[in-house]
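Student: Just to be clear, the model below is a prediction. Sequence and coordinates:
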Amino acid sequence: MTASPAIAAPSQPLDAAALAAHIAADPGLSAFFGADMANLSIREIGDGNLNFVFHVAGGGRALAIKQAMPYSRMSGGARALTAERLTYEKLALEEFARHAPAHVPAIHHFDAERALLGQEFLSPHVIMRKGMMDGVVYPHFAEHMAAYLSACLFATSDFALTASDKRRKVARFAGNVELCEITERLVFTEPFTLSDNNRWTSPELDAEAAAIRGDEVLKQAVSALKLAFLTRSDALLHADLHTGSIMLTETDTRVIDPEFAVFGPMGFDIGMLIGNLFLNCFAQLAYETEPGGRAAYRAFVLGAVEEIWTGFAARFAALWREKRTGDAYPMRLFPEAAALEAVLARYLQDVLADALGFAGVEMIRRTLGRAHTPDYDAITDRQRRCLSEKLALSHGVMLLRAPRGGMSMTEATDAARRLIGAAPGR
Ligand SMILES: Nc1ncnc2c1ncn2[C@@H]1O[C@H](COP(=O)(O)OP(=O)(O)OP(=O)(O)O)[C@@H](O)[C@H]1O
Ligand SMILES: [Mg+2]
C-alpha cells in the first residue's frame with residue numbers, strides 16, 4: 001500500500017537541523033520554546049517498531065515530537081505503512097483526553113503533512129515495562145488504569161453517546177485499516193499456524209507450539225475473539241495497550257501511543273493489559289537472584305490485575321447507573337435503575353469473559369508469534385526463560401480453553417499463582 005495522498009510524508013526521518021528549522025518556522029512551537037531557539041537540544045529517543053520520537057528541549061520546556069514515516073521503522077523502509085497512523089493517534093489522544101485527562105499526554109503540535117505530533121514530554125516517567133523489570137512497585141497504577149479504562153470505554157460506547165454521534169465516531173476511526181490488519185494477522189492468526197514471521201525458543205518450546213497449532217478448541221476460541229474484534233464496535237479502543245504503552249511514576253500514570261485506535265470490544269484493551277501483566281509476572285521468576293526474591297513483586301502484579309478489574313467494574317457500573325445518556329438502554333425506558341442491574345451484571349460478565357480470552361491470546365502470541373516483549377528477551381539464562389515462557393503458554397491456553405463465562409478474575413490470578421507454585425525448582 002502507498003502513502004495516502006492526503007499525507008505526503010517525506011521518505012527520510014528528520015535530522016536535528018531539519019526539525020529545528022521546522023520548529024523555528026512554526027509560530028506555536030517557537031512560542032512554546034521561547035526566544036532561545038538557537039539552543040534547542042534535539043535527540044532521537046524512539047525505541048519502538050514503527051516511528052521516530054525526538055526529545056526536544058529548550059527554554060526550560062520539553063516536547064516529545066513523534067514522526068511517522070510512510071513505512072515501519074523496524075523495516076528500514078521495506079514495509080510500507082501510511083503515515084496516517086499518526087492522525088489516528090492524535091484523534092484518539094484528543095478523545096481520551098476528554099474522558100481521562102489525567103492519564104494521557106497533552107498535545108502541543110500536529111502537522112499532518114509532515115506527520116509530526118508534538119506531545120508533552122513525560123518526565124521523570126518511565127515505560128512501565130522497564131519499571132516492572134526493575135522491580136518498581138507502582139501503588140496507584142491499578143487504580144489509575146481502572147479510572148482510564150472505565151472513563152474512556154464508557155464515554156465512547158452506546159451507553160454514553162447518541163446513536164448518530166457514535167456512528168460518526170466509528171466511521172472516523174474505521175479507516176485505520178492498516179494497523180488493524182497488523183493486529184488481525186500478528187495477534188490472532190499467525191501465532192496459531194505456521195508462519196515465517198513466528199519465532200519461539202526452539203527446540204525447547206517446539207512441542208508446546210505444535211500442540212497449540214493442533215488444538216481445535218483453542219483455535220475456535222481465538223477465532224471467536226478475532227470475530228469480535230473484526231465486527232464489534234463497543235467502544236473506542238487504544239488497541240495496543242501493553243506495558244510499553246504506559247509511562248508512569250509512583251504517583252502519575254499516562255497512556256501513550258494509541259496509533260492502533262479503532263472501535264472494538266471493550267474487553268480487548270482490558271485483556272491486552274492484563275495479558276501483559278501476567279506475562280511479566282511469569283518472567284519475574286527468571287529475574288530472581290535468590291529463590292522467592294521476586295515473590296512480593298509477583299504478588300503486586302497479580303494484585304494489580306485483580307484491582308484493575310474490580311476498579312473497572314465498579315466505576316463502569318457507577319457510570320452506567322448515573323451517566324447513561326446514550327441510545328442503548330435509554331434512561332427514559334428504564335426510570336427504575338434497579339430494573340437493569342441484572343443486565344449490567346451480564347454485560348460486565350461478558351466484558352470479563354472477553355478480557356480473559358484476549359489476555360490468553362496476548363500471552364501466546366507474545367511467546368510464539370513475531371513480536372515478543374523485552375520482559376522475556378532480556379532473560380539471558382535460556383533454561384529460566386523457557387520455564388517462564390512455558391508457564392505463560394500454559395496460563396494462556398487455560399484462559400482460552402476455559403468454558404466462556406466460567407471464570408472470575410481471582411480464579412485467573414489464582415491459576416497463575418498455582419502454576420508458579422508448582423514450577424520446577426520452587
Ligand atoms: N510523551 C512522551 N514523553 C516522553 N517520552 C515519550 C513520549 N512518547 C514517547 N516517548 C518515548 O518514545 C518511545 C517510543 O514511543 P512510542 O511507543 O509512542 O513509539 P512507537 O514507534 O509508536 O512504538 P511502538 O513500536 O511500540 O508502537 C517510548 O518508549 C518512550 O520512551
Ligand atoms: Mg506505536
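Tutor: Cool, the structure landed. Ligands and ions are numbered 1, 2, ... in the order given.

Student: List, one by one, the residues from the stretch 101-250 of the chain near ligand 1.
Tutor: Contacts of the stretch 101-250 of the chain with ligand 1, taken as Cβ under 6 Å from any ligand atom, map to Pro105, Gln119, Glu120, Phe121, Leu122, Ile127, Gly244. (Glycine included, C-beta is placed from N, CA and C.)

Student: and the fourth one, what does it touch?
Tutor: Looking back up the chat, that one is Phe121. By Cβ atoms under 8 Å, 6 or more residues apart in numbering, the contact set of Phe121 is His55, Val56, Ala57, Ala62, Leu63, Ala64.

Student: what's the closest non-adjacent residue to the residue in the stretch 301-426 of the chain positioned nearest to ligand 2?
Tutor: In the stretch 301-426 of the chain, the residue that lies nearest ligand 2 is Ala371 (11.3 Å; Cβ to the ion). Leaving aside its chain neighbours, Ala371 sits nearest to Leu186 (6.1 Å; criterion: Cβ to Cβ, 6 or more residues apart in numbering).

Student: thinking again about what came up before, quick check: of the residues of the stretch 101-250 of the chain next to ligand 1, which has the highest neighbour count?
Tutor: Gln119 (23 neighbours; other Cβ atoms under 10 Å).

Student: quick one: the strands in this structure?
Tutor: All strands of the chain, identified by DSSP state E, fall at 41-44, 52-58, 61-67, 107-111, 116-120, 126-127, 235-237, 246-248, 253-255, 262-264.

Student: picking that back up, who are the contact partners of the residue nearest to Ala371?
Tutor: Listed by Cβ under 8 Å, 6+ apart, the contact set of Leu186 reads Asn197, Arg365, Gly369, Arg370, Ala371.

Student: Could you tell me how many residues sit around the residue nearest to Thr201 when sequence neighbours are not counted?
Tutor: Sequence neighbours aside, Cys386 is the residue nearest to Thr201 in space, at 5.4 Å (criterion: Cβ to Cβ, 6+ apart). Look at Cys386: counted by other Cβ under 10 Å, it has 18 neighbours.

Student: cool, and Thr325?
Tutor: Counted with other Cβ under 10 Å, the neighbours of Thr325 add up to 12.

Student: Near ligand 2, which residues of the stretch 201-350 of the chain? Just list them.
Tutor: When proximity is defined by Cβ under 5 Å from the ion, the stretch 201-350 of the chain lies next to ligand 2 at Asp257, Glu259.

Student: Which parts of the stretch 201-350 of the chain are helices?
Tutor: Assigned by DSSP state H, counting those that start in this stretch, the helices in the stretch 201-350 of the chain fall at 206-213, 216-231, 266-287, 295-322, 341-368.

Student: And the stretch 51-200 of the chain, by the same measure?
Tutor: Using DSSP H, counting those that start in this stretch, helices in the stretch 51-200 of the chain cover 85-99, 128-133, 141-155, 163-173, 177-182.

Student: will you turn these into TSV that also has distance to Gly214, mean pLDDT and mean neighbour count?
Tutor: Formatted as TSV, the helices of the stretch 51-200 of the chain follow (distance: least, Cβ to Cβ, whole Å; pLDDT from 0 to 100; neighbours: other Cβ atoms under 10 Å):
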stretch	distance to Gly214	mean pLDDT	mean neighbour count
helix 85-99	35	98	20
helix 128-133	32	98	22
helix 141-155	35	99	24
helix 163-173	36	98	15
helix 177-182	26	97	17
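
Student: Looking at the stretch 301-426 of the chain, what residue ends up closest to ligand 1?
Tutor: Nearest residue of the stretch 301-426 of the chain to ligand 1, counting by Cβ to the nearest ligand atom: Ala371, 8.8 Å away.

Student: need the contact list for that residue.
Tutor: Ala371 sits in contact with Asn49, Leu186, Arg365, where contact means Cβ under 8 Å, 6+ apart.

Student: One more: Cys180?
Tutor: Cys180 makes contacts with Ala239, Phe260, Val262, as judged by Cβ under 8 Å, 6+ apart.

Student: Now Asp234: closest residue in space, sequence neighbours ignored.
Tutor: Met266 (4.7 Å).

Student: so the one you found touches Ser157, yeah?
Tutor: Yes: at 7.3 Å, Met266 counts as touching Ser157 under the criterion of Cβ atoms under 8 Å.

Student: hmm, back to that, and the residue nearest to Ala371, what pLDDT?
Tutor: Reading off the confidence values, Leu186 has pLDDT 97.

Student: From Pro374, how far off is it?
Tutor: According to Cβ to Cβ, to the nearest Å, Leu186 stands 17 Å off from Pro374.

Student: try Leu205
Tutor: Counting by Cβ to Cβ, the gap from Leu205 to Pro374 is 18 Å.

Student: Isn't Met272 up against Gly244?
Tutor: No: under the criterion of Cβ under 8 Å, Met272 makes no contact with Gly244, lying 11.0 Å away.

Student: if we can go back for a sec, make TSV from the strands of the chain and add distance to Arg213 and mean pLDDT to it.
Tutor: Shown next, in TSV, are the strands of the chain (distance: least, Cβ to Cβ, whole Å; pLDDT from 0 to 100):
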stretch	distance to Arg213	mean pLDDT
strand 41-44	39	96
strand 52-58	36	96
strand 61-67	37	97
strand 107-111	43	98
strand 116-120	39	98
strand 126-127	32	98
strand 235-237	28	99
strand 246-248	32	98
strand 253-255	34	98
strand 262-264	26	98
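
Student: right, and the helices of the stretch 201-350 of the chain - which one's nearest Leu29?
Tutor: Ranking these by proximity to Leu29 (Cβ to Cβ) places helix 266-287 first, at 31.8 Å.

Student: So is the closest one next to ligand 1?
Tutor: No: judged by Cβ under 6 Å from any ligand atom, helix 266-287 and ligand 1 are separated, with a smallest distance of 12.2 Å.

Student: Please state the offset of that helix from the chain centre?
Tutor: 11 Å (Cα atoms, centre = their mean, to the nearest Å).

Student: ok, now stretch 215-223?
Tutor: For stretch 215-223, the distance to the chain centre is 23 Å (Cα atoms, centre = their mean).

Student: same question, stretch 111-125
Tutor: Using Cα atoms, centre = their mean, the offset of stretch 111-125 from its chain centre is 18 Å.

Student: List the buried residues for that stretch?
Tutor: Asp111, Ala112, Arg114, Ala115, Leu116, Leu117, Gly118, Gln119, Glu120, Phe121, Leu122, His125 (16 or more other Cβ atoms under 10 Å).

Student: Just the buried ones from the contacts of Leu186?
Tutor: Arg365, Gly369, Arg370.
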